[in-house]
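*Asks:* Provided below for reference: sequence and predicted model.
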Protein chains: 2
Amino acid sequence: MAEITTSLSIGQVAERTGLSVHALRFYEREGLFVNAVRRGPGGRRVYSEDDVDWLTVCIILRASGMPLPALRRYADLVREGAGNEEERLTLMREHHEHVTAQIGRLSESLDLIRFKVGVYEDLVDQGSGAARQCHAPSASADEARTP
Amino acid sequence: MAEITTSLSIGQVAERTGLSVHALRFYEREGLFVNAVRRGPGGRRVYSEDDVDWLTVCIILRASGMPLPALRRYADLVREGAGNEEERLTLMREHHEHVTAQIGRLSESLDLIRFKVGVYEDLVDQGSGAARQCHAPSASADEARTP
DNA sequence: GGTTGATCTAGAGCCGGGTCTAGTTCCTAG
DNA sequence: CTAGGAACTAGACCCGGCTCTAGATCAACC
């Protein structure tokens, strides 16, 4: 019960989260915090562990490509409190789809990239064993229709 | 032998690749083409199927997050011709790593996102069956330490 | 010969997501 | 008291990657 919510300065939060102090102020201006950041004496920002927890969620969502407006929307919903879980669910589901789609696209791209790596590996292997001037063999790697 | 390389206008290439004509000119200025784009009468750009093939490669590399400078570098190497396969290999391997790393990050993020979706699904299910005003149950979803 | 529509160039503008600056105001230590 | 360092605000700036504009040119059709 006597647990004092640890207070953190902006610098400490920056250190802990990896965000810059600039970014923290920016996020605040953008309305990404669920709880308005408290101010200590001298008007300095005071953060709690909860803020840091929320930020780590934000960081993960950002890292997965959630745009700031969506993140702000999510923060708004959470701030509003219970009763809008359907909306939060929708938002999260949409983001889930975006992310899986993105992973899908990246995996597809990876096919081509792996293919190219393979082709160049072969060429380099060949080239080091055999004569240096071979007859323009690189074309095959760059004309390749993606399989 | 009598295969006439089909010539395409910028508009046709735009249609085929999904890039805008603006983007095509932009890519050209950025030096992303392997073969300097030919010009027809009146100074108009004339593209070949090869150009389109190269562009599709570019599009895939871009889609997987390769920045323009890297893409330009790659184009430079290919333009130079045979003999620099090691460099191309290095470039592709690096990109391969970036992409797999990115997929890894996204998959990790997906853990949290799935978790949140699960929590909100539960809350919504509960909320629809039981009484509307339950005692602030949303906290559990937003305080959750990422497992 | 006039209109339409595609293209050309050079350069400006935009958007997302921060980052940095300038000029102050604190707090703390020596 | 004074110096340093950290924080404050408002607003300018940057970067990547296009996108759009303006004004000119060209080809084709009626």
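*Replies:* Yes, it's here. Numbering: from 1, shown residues only, chains lettered A, B, ... in the order given.
*Asks:* hey, let's count contacts and neighbours off CA atoms from now on
*Replies:* Noted.
*Asks:* Tell me the confidence at residue A:140?
*Replies:* On the pLDDT scale, residue A:140 is placed at 51.
*Asks:* Which residues are in contact with the residue most central in space within chain A?
*Replies:* Compute the mean C-alpha point of chain A, and by CA atoms, centre = their mean the closest residue is residue A:63, 0.5 Å away. By CA atoms under 8 Å, 6 or more residues apart in numbering or on different chains, residue A:63 lies in contact with B:105-106, B:109.
*Asks:* and it, backbone torsions?
*Replies:* Backbone torsions of residue A:63, given as degrees, to the nearest 10, read phi -60, psi -30.
*Asks:* what's the distance between it and residue A:113?
*Replies:* For residue A:63, the distance to residue A:113 (CA to CA, to the nearest Å) stands at 23 Å.
*Asks:* Is the helix ranked longest in chain A in proximity to chain B?
*Replies:* Secondary structure of chain A per DSSP state H: the longest helix is helix A:85-129. Yes: using CA under 8 Å from any CA of the partner chain, helix A:85-129 reaches chain B at A:85-86, A:88-89, A:92-93, A:95-96, A:99-100, A:103, A:105-107, A:109-110, A:112-114, A:116-117, A:120-121, A:123-124.
*Asks:* before we move on, what SS does residue A:66 have?
*Replies:* coil (DSSP: H, G, I helix; E, B strand; the rest coil).
*Asks:* And it, its phi and psi?
*Replies:* With angles defined as degrees, to the nearest 10, residue A:66 sits at phi -70, psi 130.
*Asks:* DNA strand D contacts on chain A?
*Replies:* A:9-12, A:21, A:25, A:39, A:43-46 (CA under 7 Å from any atom of the strand).
*Asks:* let's see it at 6 Å
*Replies:* A:9-12, A:43-45 (CA under 6 Å from any atom of the strand).
*Asks:* What is the neighbour count of residue A:125?
*Replies:* 13 (other CA atoms under 10 Å in any protein chain shown).
*Asks:* Check what pLDDT it gets.
*Replies:* For residue A:125, pLDDT reads 88.
*Asks:* Model confidence score at the closest residue to DNA strand C within chain A, please.
*Replies:* Here chain A gets closest to DNA strand C at one residue, residue A:67, 3.6 Å apart by CA to the nearest atom of the strand. Residue A:67 is assigned a pLDDT of 97 by the prediction.
*Asks:* Please spell out the segments of chain A that come in under the pLDDT threshold.
*Replies:* A:1-4, A:129-147 (pLDDT under 70).
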